[in-house]
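[1] The sequence and its predicted three-dimensional model are supplied below.
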Protein chains: 2
Amino acid sequence: MTETRGERKERTRRAILDAALQLCEDSSLVALSLRQVAKEVGIVPTAFYRHFDSIEALGLELVDESFASLRAMLLDVRRSDPDFDDIIDSSIGILVEHVHQQRAHFRFIVRERAAGPPRVREAINAAIEQFEKELATDLVRLTGTTTWSPEDLQILSGLIVTAMVGLAEAILRNPDRPDAEKAIVEGARVQLRMVLVGALNWRSKR
Amino acid sequence: MTETRGERKERTRRAILDAALQLCEDSSLVALSLRQVAKEVGIVPTAFYRHFDSIEALGLELVDESFASLRAMLLDVRRSDPDFDDIIDSSIGILVEHVHQQRAHFRFIVRERAAGPPRVREAINAAIEQFEKELATDLVRLTGTTTWSPEDLQILSGLIVTAMVGLAEAILRNPDRPDAEKAIVEGARVQLRMVLVGALNWRSKR
DNA sequence: CTTTTCAGTGTACAAACGTACACTCAAACC
DNA sequence: GGTTTGAGTGTACGTTTGTACACTGAAAAG
């Protein structure tokens, strides 16, 4: 069969990305060698350079890819019913589902956020900050500007994101333990309700 | 001068721990080589084995050491005035101070928690869970068992610990930026107050 | 004083590392 | 149909890696 040149290139590029994501699963990008990746993919080491300048550049690509997963998740959240009282349950359900479906990507983000090459860390944190800001503007739409100052909404947003990242980390930390995971998820639900109660009784700029 | 044999051993052992802590600062334990450490300390590579079986064993020792820093911090927190309304401010102040004084240890914990060798990760997470439980029993002492179920206190405790770990991570992420750090710390204060408002209006087992 | 112990040395080796360089050969191009 | 392009090959290099083994020499033990 005739496979176009660009298609073939894209195929090994994908294979490199997948192999890297898998190989650094229980260590880190900073401990991943170009030769391991090449061997896993089935190409000669020097061929790696046809696709990426360095492992770090590969890592930045994986960041983009992983955050594409995250954006897809947020689309799901926003698309879900705007029914107010179980917005928490549905959002958490969506998060849990995406973490399971994109395990490797989420693992990659939480791991390299703390331990990756500096530029990778920066890229991940910039993206997470972006999410916080987007959530803050979403909250403005939900609450109006009467009782909440923009600064406080930003701070509340940060708290929620921190809790959700914590939930994702806890899930990833307990693979193949459905009972433990259930308790974790239930705990996160309660946590968000506590935060919600706090938010409903909050008055900015007192 | 006469330096006892055990003293000399302890001294190079310390040098190894310090060198390892410094060398993995901008990568990770999983990317740290025995030879790097030996060179930094000024001993021959094989001499490393007189003190540790492996880099992983060294890592477990660093975990213990780092959590000793953390326990010292918690002692400070409990020792601080039990004046109720600024318990938040004083606790955060203590946390910030300790993060600055023990930068390397805190960095080590947050990094290796996500990216370290499996056993190191487990040790760190076990210690953090322990803290959550201790905080929960502290909260029992503060609130009594009337309005709060033990389960909810445990969950609240988890939320607070997550937020505090998040604060530590944010501080470590912005070194040498006093203005940014000030905003981060102020945000954390507000977050904890929000959680406190939620807690005060919470009723368990509704 | 003699013997034992053991932290640290020195040499040695096979394996893995990143990368330079010259190459092939089929798709893409004119 | 002849030429160009570029993904992938193969060899080769100097480094760095973990670890094995035999050693030294001063402190500790008898």
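    That came through fine. Residues are numbered from 1 along each chain as shown, chains lettered A, B, ... in the order given.
[2] Ignoring the adjacent residues along the chain, who's closest to A:Val44?
    Setting aside the residues directly before and after it, A:Val44 is nearest to A:Ala38 in space (C-beta to C-beta, 6 or more residues apart in numbering or on different chains), at 6.4 Å. In this view, the C-beta of every residue, glycine as well, is placed from N, C-alpha and C.
[3] was I right about the one you found contacting A:Ala47?
    Yes: under the criterion of C-beta atoms under 8 Å, A:Ala38 makes contact with A:Ala47 at 6.7 Å.
[4] Between these two, tell me which one has more neighbours.
    A:Ala38 (17 against 13; other C-beta atoms under 10 Å in any protein chain shown).
[5] In contact with the more buried one, which residues?
    Taking C-beta atoms under 8 Å, 6 or more residues apart in numbering or on different chains, we find A:Ala38 in contact with A:Val44, A:Pro45, A:Ala47, A:Phe48.
[6] Out of those, which comes closest to B:Arg71?
    Nearest to B:Arg71, judged by C-beta to C-beta, of these is A:Phe48 at 45.8 Å.
[7] returning to that earlier point: which ones, among the contacts of A:Ala38, also lie beside DNA strand C?
    Applying C-beta under 7 Å from any atom of the strand, the subset of these adjacent to DNA strand C comprises A:Pro45, A:Phe48.
[8] among the contacts of A:Ala38, who's most crowded?
    Scoring those on neighbours with other C-beta under 10 Å, the highest-scoring entry is A:Phe48 at 20 neighbours.
[9] For B:Asn174, see how far away that one is.
    Using C-beta to C-beta, to the nearest Å, we find A:Phe48 at a distance of 34 Å from B:Asn174.
[10] Contacts only, for the residue lying closest to A:Phe52 once chain neighbours are set aside.
    Once flanking residues are discounted, A:Phe52 sits nearest to A:Leu58: 4.5 Å by C-beta to C-beta, 6+ apart. By C-beta under 8 Å, 6+ apart, the contact list for A:Leu58 reads A:Ile16, A:Leu17, A:Ala20, A:Val37, A:His51, A:Phe52.
[11] and the helix or strand hosting A:Leu58 with DNA strand C, contact?
    Under the criterion DSSP states H and E, the helix or strand holding A:Leu58 is helix A:55-79. Yes: under the criterion of C-beta under 7 Å from any atom of the strand, DNA strand C is reached by helix A:55-79 at A:Ile55.
[12] can you list the weak-confidence ranges in chain A?
    Across chain A, the ranges flagged by pLDDT under 70 are A:1, A:82-85, A:205-206.
[13] which bits of it sit near DNA strand C?
    Residues of chain A lying near DNA strand C by C-beta under 7 Å from any atom of the strand: A:2, A:4-6, A:33-36, A:39, A:45-46, A:48, A:54-55.
[14] In those, find the pair that's most separated.
    Among the residues of chain A next to DNA strand C, the pair separated by the greatest distance (C-beta to C-beta) is A:Thr2 and A:Ser33, at 34.8 Å.
[15] what about the two, which has more around it?
    A direct count of neighbours by other C-beta under 10 Å for A:Thr2 and A:Ser33 places A:Ser33 higher, at 11 against 4.
[16] The residue lying closest to the more buried one once chain neighbours are set aside: neighbouring residues, count only.
    Among residues not flanking A:Ser33 along the chain, A:Ile55 sits closest, at 7.7 Å (C-beta to C-beta, 6+ apart). Neighbour count for A:Ile55, taken as other C-beta under 10 Å: 20.
[17] who's in contact with A:His98?
    A:His98 neighbours (C-beta under 8 Å, 6+ apart): A:Ser69, A:Leu70, A:Ala72, A:Met73, A:Asp76, A:Phe106.
[18] Tell me how many other residues crowd the residue in chain A that chain B sits nearest to.
    Across chain A, the shortest distance to chain B (C-beta to the nearest C-beta) belongs to A:Gly198, at 2.7 Å. A:Gly198 has 22 neighbours, counted by other C-beta under 10 Å.
[19] any idea how far it lies from B:Asp152?
    For A:Gly198, the distance to B:Asp152 (C-beta to C-beta) stands at 14 Å.
[20] same thing with A:Leu159?
    18 Å.
[21] Who has more neighbours out of the two?
    Per other C-beta under 10 Å, whichever of A:Leu159 and B:Asp152 has more neighbours is A:Leu159, with 26 against 21.
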